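Engineer: Dropping a prediction and its sequence here:
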Amino acid sequence: MPELPEVETIRRGLDKHLSGKRIVSVEGRGGRLVRNNPGGMVQLRDSLTNAGIKSVERRGKFMWMLLDGRAESTLVIHLGMSGQVRTATHPPAQLDRHEHVRLTLSDGTVVRFVDPRMFGHLTLSELVEDGRGRQVPEIARHIAPDLLELRDGDDLLELAQRMHTRNRSIKTMLLDQGLVSGVGNIYADEGLFRAGIQGRSVGVSLSVKQLGSLLENTREVMTQAVAAGGTSFDTLYVDADGNPGYFERELKVYGRENEECLVCGGPIVRETIGGRSHFHCTTCQRVVVSQT
DNA sequence: AATCGACCCTGCTCGC
DNA sequence: TGCGAGCAGGGTCGAT
């Protein structure tokens, strides 16, 4: 479900509600959600009980709580396709069907981890240096900085130059979290539409300038989506307070197969790239697959 | 080294 | 109304 804007919206809510609080109890069966911890729920309970939460951080679609005085200094939260983190002051006594873990904080706030598909995970991880001067959880070290971390000049240019050397579809590269993180299927398509490029265009065939424009457009869409509280197609995405996001109304192509392009009136087309749907307008977006 | 497909799950929608 | 097929916003792994 959630891409960078949705995760960032949730992170802000959690940071506000949880920072400076202490975890007093840990409940739930955990299940697949805690699969990455060798000691499962027992380890999670031992490590988190009485831990203080300093802040909630994020890179790409990974977010983590910074914990006080613990061997594993972070609790990493990845929402996968259908994960939610909700805060509550008076939750139902019984855990919901898909509620796998519940934390109770020193002030009575309850944090509920919900995930029907269980592609998400909760993982204790130590902080390490990412090679660029930032401390990140060890299990998130493999992902690149996200578009909101990259600086306008050098960082974006360097990434555009790197993409320019690759003989690979631009959409696949946008989704490659090792190249740039945080972009998922919705915002990749929206960024490509705004940049006027079809997703199967190949890196080497696009100019560094075109690639830079694509990155800027994609970042701009995500920035606007954060301001709108993210995109909600359905009840699967809500922020930490249970509110939906309002960016769906701003989507130009994603999920609009056979509908009219809002710019030229032509049909929005869906094709498959790398096993994922790519929504685009064949008039407003060019395909560039050969050297120019 | 890079890239593709399979796989991990549940739930919803669509067509017959 | 019932049922199977297909699809979904994510990531990881092994085979090529």
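Structural biologist: In hand now; what should we look at?

Engineer: Grab the nearest non-local neighbour of the residue in the stretch 101-250 of chain A that DNA strand C sits nearest to.
Structural biologist: Closest approach between the stretch 101-250 of chain A and DNA strand C, counting by C-beta to the nearest atom of the strand: A:Gly184, at 1.9 Å. To be clear about C-beta, it is placed using only N, CA and C from the backbone, and glycine gets the same treatment. Spatial nearest neighbour of A:Gly184, excluding adjacent residues (C-beta to C-beta, 6 or more residues apart in numbering): A:Glu3 at 3.5 Å.

Engineer: ok, the one you found - how many residues close by?
Structural biologist: 22 (other C-beta atoms under 10 Å).

Engineer: Equivalent analysis for A:Gly182, please.
Structural biologist: Neighbour number of A:Gly182 under other C-beta under 10 Å is 26.

Engineer: A:Leu150 is in contact with that one, correct?
Structural biologist: No - at 10.1 Å, A:Gly182 does not count as touching A:Leu150 under the criterion of C-beta atoms under 8 Å.

Engineer: mind checking the SS state of A:Ile10?
Structural biologist: With DSSP: H, G, I helix; E, B strand; the rest coil as the basis, the three-state label of A:Ile10 is helix.

Engineer: Distance check, it against A:Val136.
Structural biologist: Distance from A:Ile10 to A:Val136, counting by C-beta to C-beta, to the nearest Å: 18 Å.

Engineer: cool, A:Arg97 as well?
Structural biologist: 33 Å.

Engineer: These two: which is more packed in?
Structural biologist: A:Val136 (23 against 8).

Engineer: ok, residues contacting the helix or strand hosting that one?
Structural biologist: For A:Val136, the host element (DSSP states H and E) is strand A:135-137. If you take C-beta atoms under 8 Å, 6 or more residues apart in numbering as the criterion, strand A:135-137 is touched by A:59, A:62, A:64, A:74, A:76, A:123, A:125-130.

Engineer: Is any residue of it near DNA strand C?
Structural biologist: No - between strand A:135-137 and DNA strand C, judged by C-beta under 7 Å from any atom of the strand, nothing touches; the nearest distance is 11.1 Å.

Engineer: Which helix or strand lies directly C-terminal to that strand?
Structural biologist: helix A:154-164.

Engineer: Need the residues that contact that next one.
Structural biologist: Contacts for helix A:154-164 (C-beta under 8 Å, 6+ apart): A:145, A:149-150, A:170, A:173, A:179-180, A:203-204, A:206-209, A:211-212, A:214-216.

Engineer: Just the buried subset of those residues, please.
Structural biologist: Neighbour-count burial (16 or more other C-beta atoms under 10 Å) applied to the contacts of helix A:154-164 gives A:145, A:149-150, A:170, A:173, A:179-180, A:203-204, A:206, A:211-212, A:214-216.

Engineer: Now the residue nearest to the spatial centre of chain A: closest residue in space that isn't a chain neighbour?
Structural biologist: Closest to where the C-alpha atoms of chain A average out (C-alpha atoms, centre = their mean) is A:Lys61, at 2.7 Å. The shortest distance from A:Lys61 to any non-neighbouring residue, by C-beta to C-beta, 6+ apart, is to A:Val7 (5.2 Å).

Engineer: residue contacts, that neighbour?
Structural biologist: Counting by C-beta under 8 Å, 6+ apart, A:Val7 has contacts A:58, A:60-63, A:79, A:182.

Engineer: can we see that at 6 Å?
Structural biologist: A:58, A:61, A:63 (C-beta atoms under 6 Å, 6 or more residues apart in numbering).

Engineer: Okay, and which of those map to helices?
Structural biologist: Among the contacts of A:Val7, none falls in helices (DSSP state H).
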